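S.K.: A structural model of the following input is requested.
(one chain, ligands or ions: 1)
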Amino acid sequence: MSYLIFELDKKLDVKVLQGVGKSTLCEQLAEVTGLQWIEISKVAVENNCVEEYDEVYQCPVLDEDKLLDGLEDVMCRGGNIIDYHSCEFFPERWFDVVFVLRADNTTLYDRLVSRGYTGKKLEDNLDCEIFQTILDEAMASYKKEIVHELSSRTSEELQDNINRICFWLQQWFEDNKSS
Ligand SMILES: Nc1ncnc2c1ncn2[C@@H]1O[C@H](COP(=O)(O)OP(=O)(O)O)[C@@H](O)[C@H]1O
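M.R.: Purely as a prediction, here's the structure:
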């Protein structure tokens, strides 16, 4: 499961979880739309926003306040695609639409195993999908009407998602032309 969140405050921004295809989608979307793809994990490391390393999940633990402070100006300008595996700590005002990517468990299992995930990290990522944790988190963090689910299992669905998001963007610009 994954998020894709656009902040469309006259400009745009996107945010997206693990193995569902968010990087793949964000990269292609950035190419097509000209939006700036921001990988939070990379930005955090580059800007010293990592507090410690979680040995169980084998991932960095972020200094969220510092990270958010550093992103504030960029997000206010808009035009970004934000890519990360959690969404509740981002300010609600940053985003105008949220896309939650979904993949069935077999697909997700194969992707995560081929990426080298094992043990608790693998189990918890799969549980997230089974229990719809990310969708619930998105629904709880943002207005329900701006949260959308997209299936992300095949290359056809990837293309379809890009088309749907581009169409959605066009509509957004039409609706907000005069403001
Ligand atoms: N829609 C899709 N159809 C088929 N394979 C996909 C799709 N999206 C991503 N993948 C593949 O799944 C793997 C994980 O994708 P990635 O974009 O890195 O996920 P994430 O960024 O969510 O962790 C990669 O090998 C990628 O090529």
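S.K.: average pLDDT for the longest helix seen in the chain, rounded please.
M.R.: Ranked by residue count under DSSP state H, the longest helix found in the chain is helix 155-175. For helix 155-175, the mean pLDDT works out to 90.
S.K.: those helices in the protein, which residues are they?
M.R.: Going by DSSP H, the chain shows helices at 22-33, 40-46, 64-77, 105-114, 119-130, 133-141, 155-175.
S.K.: touching the ligand at all, the second one?
M.R.: No. Residues of helix 40-46 are not located near the ligand by CB under 6 Å from any ligand atom, the shortest gap being 9.7 Å. For every residue, glycine as well, the C-beta is placed using N, CA and C.
S.K.: let's see that helix as CSV, backbone CA atoms only.
M.R.: The C-alpha coordinates for helix 40-46 follow below in CSV (Å, rounded to 0.1, in the frame of the first residue of the first chain):
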residue,chain,number,x,y,z
ILE,A,40,11.6,11.9,2.0
SER,A,41,14.1,9.1,3.1
LYS,A,42,16.8,10.6,0.8
VAL,A,43,16.1,14.2,1.8
ALA,A,44,16.2,13.3,5.5
VAL,A,45,19.7,11.8,5.2
GLU,A,46,21.0,14.6,3.0
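S.K.: what comes up buried for stretch 135-142?
M.R.: Neighbour counts over stretch 135-142 (16 or more other CB atoms under 10 Å) mark 135, 137-138, 141-142 as buried.
S.K.: alpha carbons of it, as CSV, please.
M.R.: Below are the C-alpha coordinates for stretch 135-142, written out as CSV (Å, rounded to 0.1, in the frame of the first residue of the first chain):
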residue,chain,number,x,y,z
LEU,A,135,-5.6,3.7,4.1
ASP,A,136,-7.0,4.2,7.7
GLU,A,137,-4.1,6.5,8.5
ALA,A,138,-4.7,8.6,5.4
MET,A,139,-8.5,8.7,6.1
ALA,A,140,-7.8,9.8,9.7
SER,A,141,-5.2,12.4,8.7
TYR,A,142,-6.9,14.0,5.7
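S.K.: thinking again about what came up before, include pLDDT and distance to the ligand when you put the buried residues of stretch 135-142 into a markdown table, please.
M.R.: As requested, the buried residues of stretch 135-142 are arranged in a markdown table below (pLDDT from 0 to 100; distance: CB to the nearest ligand atom, whole Å):
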| residue | pLDDT | distance to the ligand |
| --- | --- | --- |
| Leu135 | 85 | 15 |
| Glu137 | 87 | 15 |
| Ala138 | 88 | 15 |
| Ser141 | 91 | 18 |
| Tyr142 | 90 | 19 |
